[in-house]
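Participant: the sequence and its predicted three-dimensional model are supplied below.
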Amino acid sequence: MASTTHQVGKRYPPTVYAVGREKIREFAEATGETAPVCLDLDAARAAGHADLVAPPMFAVVYQKQAVWQALFDPELGIDFAMLVHGGQDFRWDDLVIAGDEITTHASVADISERAGNSFYVFETESVNQRGEPVCRGTWSNVVRGA
């Protein structure tokens with residue numbers, strides 16, 4: 001563990017995700033989202049949006065590539081056989097709309113050890129094509145000790 005704590009603060013190259021209308025619909029349907037602005041273009045436009053609105057948890061879709069850079073970083077040496085998802089926390093800003101291009105940066109927020117387990121916390125920051133913040137995420141992972 002001591003050899004990886006110097007990785008705290010490491011930033012990864014940005015990832016870009018083009019938000020598609022059908023991806024929003026598919027995600028909404030798969031997760032049981034029923035808000036008309038997420039499923040029906042006419043409803044979204046009647047509500048004042050240019051296109052379908054992504055459900056809040058769609059953040060997982062556009063942020064995952066950025067997080068994967070950290071999870072698969074060989075310098076961190078995460079043992080996937082012992083990896084357990086610890087949790088996610090999101091803070092949303094502007095809505096994500098079909099047609100947006102979302103750029104996400106990921107960084108290593110914390111690496112620690114407790115009771116023989118290693119804890120890896122990654123942070124993500126996503127902005128739309130206008131540079132407006134859309135979501136900040138905290139991704140917590142636990143690697144169980146032997």
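Facilitator: Nice, I can see it. Note that the structure is a prediction, hence the values are computed from the model and not measured.
Participant: for the host helix or strand of residue 28, give me every contacting residue.
Facilitator: Here residue 28, judged by DSSP states H and E, is contained in helix 21-31. Under the criterion Cβ atoms under 8 Å, 6 or more residues apart in numbering, residues 33-35, 38-39, 41, 51-55, 57-58, 61, 98-99 lie in contact with helix 21-31. (Glycine included, C-beta is placed from N, CA and C.)
Participant: rerun that using 7 Å as the cut-off
Facilitator: For helix 21-31, contacts defined as Cβ atoms under 7 Å, 6 or more residues apart in numbering pick out 38, 39, 51, 52, 54, 55, 57, 58, 61, 98.
Participant: buried set for it?
Facilitator: For helix 21-31, burial by neighbour count (16 or more other Cβ atoms under 10 Å) applies to 23, 24, 25, 27, 28.
Participant: for the fourth one, give its distance to residue 96.
Facilitator: The span separating residue 27 from residue 96 equals 11 Å under the rule Cβ to Cβ, to the nearest Å.
Participant: shared neighbours, these two?
Facilitator: Joint contacts of residue 27 and residue 96 (Cβ under 7 Å, 6+ apart) are residue 58.
Participant: need the distance between the two termini of stretch 88-100.
Facilitator: Across stretch 88-100, the terminal residues are separated by 23 Å (Cα to Cα, to the nearest Å).
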